[in-house]
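Novice: just coords:
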Ligand SMILES: Cc1cc2nc3c(=O)[nH]c(=O)nc-3n(C[C@H](O)[C@H](O)[C@H](O)COP(=O)(O)OP(=O)(O)OC[C@H]3O[C@@H](n4cnc5c(N)ncnc54)[C@H](O)[C@@H]3O)c2cc1C
Ligand code: SF4
Ligand code: F3S
Ligand code: FES
């Protein structure tokens, strides 16, 4: 069996992974760097992000305001030191991407244009029409091509982290093309494997978002943080789950119930105005909008379709010109997948699982408690998203913390000595396991797809937009049962060449772990905060739960939970207020205003 | 070697294509169909000769014959390469096509020069 | 001993790709390809017309008798048929050429790229004018 | 209800088969189903060994390209209902690529070609990062915007006969990508890319079949990009002939030289 060795290994070729790779290459040109990805990097799910990436750039904006929006948007579950680092570095990262060729949309004078986004008080979302993630990912991918030290393992599927003596030494991966199982060793491993939306049945997430990295880290002994916080996006197309970007509302789209009424006004989200108002109505945060939908549904004011209840997104009043200019992809997707034209028709939408706020617990440098293991991007939880992520923060997060993790890993790696005594043996064991458990086994009674469907139904029923104890308890038991039944799956496919069924079976294993962790954390947090709404505990409880959930895995596969206090630097918890844009800052305590003074804000870089 | 040739050859091909597109149809229609089928009376020998004595007409005729031949040469060469998958006969095809176009050009020059 | 096979053997962990071969008749399989080949072959008929013109020139150079004889030959049914076929292809060339020029030239007015049909349209106008002028010149007298 | 449609899917397993063969499957015909939904249905319910790539199912990741009735298509953007009248729908791997298994093709060669054209912003001067962005007007952005839309789905390679006939041909998407950077007002690398582009394996290999543009799901128009590059190259050659001194400038401008 082969072993290949590198200094640094990036698992994942999305925005976070590629940014980390470049950062590592820039620490030292002699380092050998490898990107392992189960799909070609430009297929990573970053590609489907539409709306944009947040970074303060305009003169009327400030870092403080971005930080405040983020923290209040996250219902005070954000670590404020991380948020401060994030808002400060985000603009630089976005300019860096511009330097690498990203085709950002522009003002007539040639400067970067920004747009409004949900939960943001100022316009600060950089965009490349409505294919922002696509352009960012391709720019990053094409830029990595010029770095010779970055090797790529395209279409290699990581099944296991190599751990020895409490230290991470690399990974075991299958080369999909040949079925070969191989150890890839490294001084430091950075997980950038993205989110886990596929744990749910109805999601905007691509087929590859199975929470692999979360499960890999969890199994290796690293804790998962805040896994109960799953974001629903209020506007997904029924059946496909394809996302209609928030930019559609930022440009002025309305949400209408079946009577054609802008129902958000009934949910403490402000009063309707013809033009979009920041942090108000349709531009409120995602958790609130999705929750409002459920309430409307309960009142019987939504429309019924074969694919669940829907409300309408109305863009017609924007006119064909604006739609073509600012939202061409939205129109294209509606025409292609819904067979309707938003210029003339209403778009049916419903809340759809979109983003995982939680993930592998890391510090501000992407460092996990497990030596040698780093994480960045959606897989990680540095805690800038808290209980609810603001749209357009996560692409910027991938860049800022991708770079930080890449750098930190590179610095760590350069101090370490080669050390992979057990790698070969572990890879051998893994290969044996795959052969005996899947490839050569016959007579198993379960099918991968069937267990997957049951898991998805279970998670949705218990850990959806609203949650309560009895159903969560039942779900925990059901997931245990599914874990056991998953041991008994048998595959139709026994081939070594590009065995996607084997891959699905392994992904199912990862997803079951992630599903259990979501349910477990949701069960233990007896309060309502951001995206986590407990009908049996409807209020926020700062006394007990101004803290991150940390989930550890025990040897026997069971878990234990612990809590870690939230880091507060200058913004003590306040009430989340939307729909009154003229007075949000004053709503917070005076202490906040004071502490703001000693924080320097970014000099408006472009004195105009 | 090929590389330095491709740009001018392509230029000849495309200007030839333009000339052919604008001018060839009317010549074909008149001399190949309208006159032979007797729809219109063909120009008399004297009239034709009169036109051809004009130096501008001479230049026109050489252009009309030469450039479209280079157009043909280029297209035909690639059609043979791809359509018949005979790229290994590269040199031969090259010589045949551009040789043909060159001979045509020389002939045209010679003929208009003979008109006095 | 292993059984002899035509196919290279699969060895574990070494993918064996199937490499399809392109047939010589690839252009027959698909209408768009056939149309492409026909477009390319139109150049043969362009060349034929040039040859006709060269022969006509030669006839003029040789004198009135040769000219008359050449006129007579052009009227033979076989030659007429060839001319007809040529005309079809030559027109095919003209139309495809005009329609494709906007592709090859991004014409911009005041910073905006103007639509392709607008770039193609003048071609047709000029074509008609030029053809008319040439016909007049030849026919006059 | 009860309506169904028959799919003929190319299967090839290197461990067992000497060459690909077609197998038929009957799937329900639902109006919102795309070809990819049918493949997923087969994999989940009928035969778990059917092998194909997909991820985003929204036409943006570029992984699900297949031949549907002989036409290169994105599986996730091709509705089954548009074939409802036909007796069968034939699904095969993308043409002109080596086949790894079933509908999975080999992409290494394509990626090597992409890399060859230096698809990154080449520029050494410029202000410091802290001083902000390069300026670029919306009109300048428009010059290359469409070319930057390529999702690397390789449908255009499967449409272009030259790709099939000449293994060295760089191919439509890679040339279009090079042009994307050449036409970017921030880029200074046109000259470096000339070596690869103005070459018999580069633009001159293309005979303007135009199929690449017709099948492109992103309306990138690689055919146009290639022809424009040819015009630029030819002009640069002539200018170089007439005014050798001006040659440099033209090369930079057109991103094309002929020597
Ligand atoms: C439809 C949609 C729209 C969005 N729009 C926005 C937006 O407008 N603004 C915003 O800020 N955010 C947006 N987001 C969120 C944002 O796109 C994601 O959070 C972000 O792209 C995640 O990037 P990543 O690099 O962490 O992971 P990904 O891009 O998901 O990449 C994961 C990588 O890991 C690899 N990988 C995973 N598992 C394995 C394994 N086992 N072995 C090997 N490799 C593996 C994959 O191959 C892939 O390369 C959107 C998300 C979705 C779903
Ligand atoms: S140019 Fe079009 S068809 Fe070709 S790879 Fe790019 S997106 Fe696909
Ligand atoms: S199909 Fe091929 S030949 Fe040229 S125009 Fe497109 S690359
Ligand atoms: S699945 Fe992503 S393009 Fe079709």
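Specialist: Structure received. Everything quoted here is computed from the prediction, not taken from an experiment. Residues are numbered from 1 along each chain as shown, chains lettered A, B, ... in the order given. Ligands and ions are numbered 1, 2, ... in the order given.
Novice: which ones are touching the residue of chain C found nearest chain A?
Specialist: Chain A sits closest to residue C:13 of chain C, with a gap of 4.3 Å, by CB to the nearest CB. For the C-beta atoms, the positions are set from N, CA and C on the backbone; glycine is no exception. Residue C:13 makes contact with A:178-180, A:496, according to CB atoms under 8 Å, 6 or more residues apart in numbering or on different chains.
Novice: if you look at those residues, which of them are in strands?
Specialist: When DSSP state E is applied, the contacts of residue C:13 are split such that residue A:180 fall in strands.
Novice: Show me the strands in the stretch 301-450 of chain A, by range?
Specialist: A:303-305, A:308-314, A:347-356, A:359-361, A:373-375, A:380-381 (DSSP state E, counting those that start in this stretch).
Novice: Also chain B?
Specialist: With DSSP E as the criterion, chain B has no strands whatsoever.
Novice: What is the longest helix seen in chain B packed up against?
Specialist: Criterion DSSP state H: the longest helix present in chain B is helix B:55-83. Secondary-structure packing of helix B:55-83 (3 or more CB pairs under 8 Å, 6 or more residues apart in numbering or on different chains; DSSP states H and E): helix B:2-27, helix B:45-53, helix B:90-114, helix C:31-62, helix D:161-165.
Novice: If we use 10 Å, what do you get?
Specialist: Using 3 or more CB pairs under 10 Å, 6 or more residues apart in numbering or on different chains; DSSP states H and E as the contact test, the elements touching helix B:55-83 are helix B:2-27, helix B:45-53, helix B:90-114, helix C:31-62, helix C:77-104, helix C:116-139, helix D:161-165.
Novice: Looking at these, spot the one closest to residue A:513.
Specialist: helix D:161-165 (43.6 Å; CB to CB).
Novice: That closest one - what's its average pLDDT?
Specialist: Mean per-residue pLDDT for helix D:161-165: 94.
Novice: Mind listing residues that contact that helix?
Specialist: Residues outside helix D:161-165 that contact it (CB atoms under 10 Å, 6 or more residues apart in numbering or on different chains) are B:78, B:81-83, B:85, B:87, C:20-23, C:26-27, C:29-30, C:32-33, C:36-37, D:95-97, D:109-110, D:113, D:154, D:156-158, D:169-172, D:205-209, D:211-212.
Novice: how does it look with 7 Å?
Specialist: B:82, B:85, C:22, C:26, C:33, D:95-96, D:157, D:169, D:171, D:205-207, D:209 (CB atoms under 7 Å, 6 or more residues apart in numbering or on different chains).
Novice: what pLDDT does residue A:392 get?
Specialist: Model confidence at residue A:392 (pLDDT) stands at 94.
Novice: what's the nearest residue to the one residue in chain B that gets nearest to chain C if we skip its chain neighbours?
Specialist: Residue nearest to chain C within chain B: residue B:32 (3.4 Å; CB to the nearest CB). Once flanking residues are discounted, residue B:32 sits nearest to residue C:83: 3.4 Å by CB to CB, 6 or more residues apart in numbering or on different chains.
Novice: what pLDDT does the one you found get?
Specialist: pLDDT, residue C:83: 96.
Novice: And it, how far from chain D?
Specialist: Separation of residue C:83 from chain D (CB to the nearest CB, to the nearest Å) stands at 27 Å.
Novice: tell me, how many neighbours does that residue end up with?
Specialist: 23 (other CB atoms under 10 Å in any protein chain shown).
Novice: Then the one 10 residues further on?
Specialist: Residues lying near residue C:93 (other CB under 10 Å) number 26.
Novice: Surely it and residue B:19 touch.
Specialist: No - counting by CB atoms under 7 Å, residue B:19 is not a contact partner of residue C:93; they are 11.1 Å apart.
Novice: To which secondary structure element is residue A:104 assigned?
Specialist: Assigned by DSSP states H and E, residue A:104 belongs to no helix or strand.
Novice: Local confidence estimate at it?
Specialist: 97.
Novice: Repeat that for residue D:17.
Specialist: If you check residue D:17, the pLDDT there is 92.
Novice: Residue C:109 too?
Specialist: As predicted, residue C:109 sits at a pLDDT of 69.
Novice: Contact residues of chain D facing ligand 4?
Specialist: D:54-57, D:59-64, D:74-76 (CB under 6 Å from any ligand atom).
Novice: Just the closest of those residues to residue A:207, please.
Specialist: Using CB to CB, the residues of chain D next to ligand 4 come closest to residue A:207 at residue D:55, 4.9 Å.
Novice: Pull the contacting residues for the residue nearest to residue B:32.
Specialist: Contacts of residue C:83 were listed using CB under 7 Å, 6+ apart, and they are B:28, B:32-33.
Novice: quick one: it and residue C:32, what's the gap?
Specialist: Per CB to CB, to the nearest Å, residue C:83 is found 28 Å from residue C:32.
Novice: re earlier: tabulate the contacts of residue C:83 (JSON lines), appending pLDDT and neighbour count.
Specialist: Listed next are the contacts of residue C:83 as JSON lines, based on pLDDT from 0 to 100; neighbours: other CB atoms under 10 Å in any protein chain shown:
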{"residue": "B:28", "pLDDT": "96", "neighbour count": "25"}
{"residue": "B:32", "pLDDT": "94", "neighbour count": "24"}
{"residue": "B:33", "pLDDT": "94", "neighbour count": "16"}
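Novice: which of these lies closest to residue A:269?
Specialist: Nearest to residue A:269 among the contacts of residue C:83, with distances taken as CB to CB, is residue B:28, at 73.6 Å.
Novice: Is there proximity between stretch B:12-30 and chain C?
Specialist: Yes - using CB under 7 Å from any CB of the partner chain, stretch B:12-30 reaches chain C at B:17, B:20-22, B:24-30.
Novice: Regarding the chain, what is its longest helix?
Specialist: Because you didn't say which chain, this covers chain A. helix A:500-524.
Novice: nope, chain D please
Specialist: As assigned by DSSP H, the longest helix anywhere in chain D is helix D:222-242.
Novice: which residues of chain B score low on pLDDT?
Specialist: B:1-4 (pLDDT under 70).
Novice: Once you drop chain neighbours, what's closest to the residue in chain B positioned nearest to ligand 3?
Specialist: Ligand 3 sits closest to residue B:82 of chain B, with a gap of 8.8 Å, by CB to the nearest ligand atom. Nearest residue to residue B:82, sequence neighbours excluded (CB to CB, 6+ apart): residue D:165, at 5.2 Å.
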